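*Asks:* The sequence and its predicted three-dimensional model are supplied below.
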Amino acid sequence: MPDLSIIVPIYNERATVATAVEQLLAAELPVLSYEVVLVDDGSTDGTREWLREQVFPSSVQLVLHDHNRGKGAAVRTGLQHASGTYATILDADLEYAPESLTPLLRPLLEGDAQVVYGVRGFEAHSAFSFWYVVGNKAVSLAANVLFNTWLSDIMTCHKVLPTSLFRALNLRERGFAFEAEITARLAGSGVRIYEVPVTYRARSREDGKKLTAADGVRVLGTLVRCRLDRRVLRNAQAHVPAPPELTDDLRARFERVQPVARR
């Protein structure tokens, strides 16, 4: 059983998928082992053909959707195939570096956290636009008001959860609102979320940025739905594994592996 499952939802990313997979397979992370679950969500731009032509190592699984179902559906498919103790999501658009997972893993492996989010700083050189940042802050504020939390970035792709807990949340959103649904289900179940800063570089609309203002409206609707929904996971702690023994080797990896800034 690997320590970490990295789920990569992919849809029409032919321009970046080769680099993204190469960087991920070359990444050194402070875990003893990790697997990669690539989920092609019905790509039509040559991405699927490229993926099928590759000879991946045994630590990589490739799963194909017969048609586009949305990011949330792709991640749920990835969770069905994940066998790691912990699971995370890494998009194939190069906005996040694989090594930026390192600061998220440390609180989990040291027993200081149950779920960790990587919070984006949205510096001037890395943000997509003013309204994109405002929208992100607005939906994060809405989540804080609805669930009495204090979170900085609920829409971050970088979330690391115990795989068993991830599956137990019974997520149903198909699109980008899936990210907000994760937070809402965790908060509604009383799971505290640990935040750490990560590096990030937003791509432009011309480069393939897919998130729109309509997605922001869907996110708000998802947050309200989850707040009104009385179904919550009442035994969340049962899905949180005991942290592994923090060996000298793992400590050395934490010191050696540093996040890579995106430019």
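*Replies:* Thanks, I have the structure now.
*Asks:* mind listing the helices for this protein?
*Replies:* Using DSSP state H, the helices found in the chain span residues 17-26, 47-53, 71-81, 102-109, 130-147, 163-168, 178-188, 213-228, 248-256.
*Asks:* quick one, what contacts residue 70?
*Replies:* 41, 173-176, 178 (Cβ atoms under 8 Å, 6 or more residues apart in numbering). Any C-beta I mention is one placed from the backbone N, CA and C, and that applies to glycine too.
*Asks:* give me that answer again for 10 Å
*Replies:* 9, 11, 41-42, 76, 173-178 (Cβ atoms under 10 Å, 6 or more residues apart in numbering).
*Asks:* any chance of the helices of the chain in TSV, plus mean neighbour count and mean pLDDT?
*Replies:* Shown next, in TSV, are these (neighbours: other Cβ atoms under 10 Å; pLDDT from 0 to 100):
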stretch	mean neighbour count	mean pLDDT
helix 17-26	17	94
helix 47-53	16	97
helix 71-81	21	96
helix 102-109	22	89
helix 130-147	17	88
helix 163-168	20	96
helix 178-188	24	95
helix 213-228	17	89
helix 248-256	12	72
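*Asks:* Including distance to residue 96, could these go into CSV?
*Replies:* Shown next, in CSV, are those (distance: least, Cβ to Cβ, whole Å):
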stretch, distance to residue 96
helix 17-26, 9
helix 47-53, 18
helix 71-81, 14
helix 102-109, 11
helix 130-147, 15
helix 163-168, 18
helix 178-188, 13
helix 213-228, 18
helix 248-256, 19
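*Asks:* Quote the end-to-end distance of stretch 9-22.
*Replies:* Terminal residues of stretch 9-22 are spaced 15 Å apart (Cα to Cα, to the nearest Å).
*Asks:* Compare the helices of the chain and give me the one nearest residue 200.
*Replies:* helix 130-147 (11.1 Å; Cβ to Cβ).
*Asks:* got the angle for that closest one vs helix 178-188?
*Replies:* 30 degrees (axes from the mean of the first three to the mean of the last three Cα atoms, to 10 degrees).
*Asks:* between helix 130-147 and helix 213-228, what angle do the directions make?
*Replies:* 10 degrees.
*Asks:* Alpha carbons of stretch 103-114, as CSV, please.
*Replies:* What follows is stretch 103-114, C-alpha atoms only, in CSV (Å, rounded to 0.1, in the frame of the first residue of the first chain):
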residue,chain,number,x,y,z
PRO,A,103,4.7,21.3,3.1
LEU,A,104,1.2,19.7,3.1
LEU,A,105,2.5,16.2,3.9
ARG,A,106,4.6,17.2,6.9
PRO,A,107,1.7,18.1,9.3
LEU,A,108,0.0,14.8,8.4
LEU,A,109,3.1,12.6,8.8
GLU,A,110,4.0,14.4,12.1
GLY,A,111,0.5,13.8,13.5
ASP,A,112,-0.3,17.5,13.7
ALA,A,113,-3.2,17.5,11.2
GLN,A,114,-6.0,15.3,9.8
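*Asks:* In contact with the most centrally placed residue in the chain, which residues?
*Replies:* The chain has residue 89 as the residue nearest its centroid, 3.0 Å off, counting by Cα atoms, centre = their mean. Contacts of residue 89 were listed using Cβ under 10 Å, 6+ apart, and they are 5-9, 71, 74-75, 78-79, 96, 156-161, 166, 178-179, 182.
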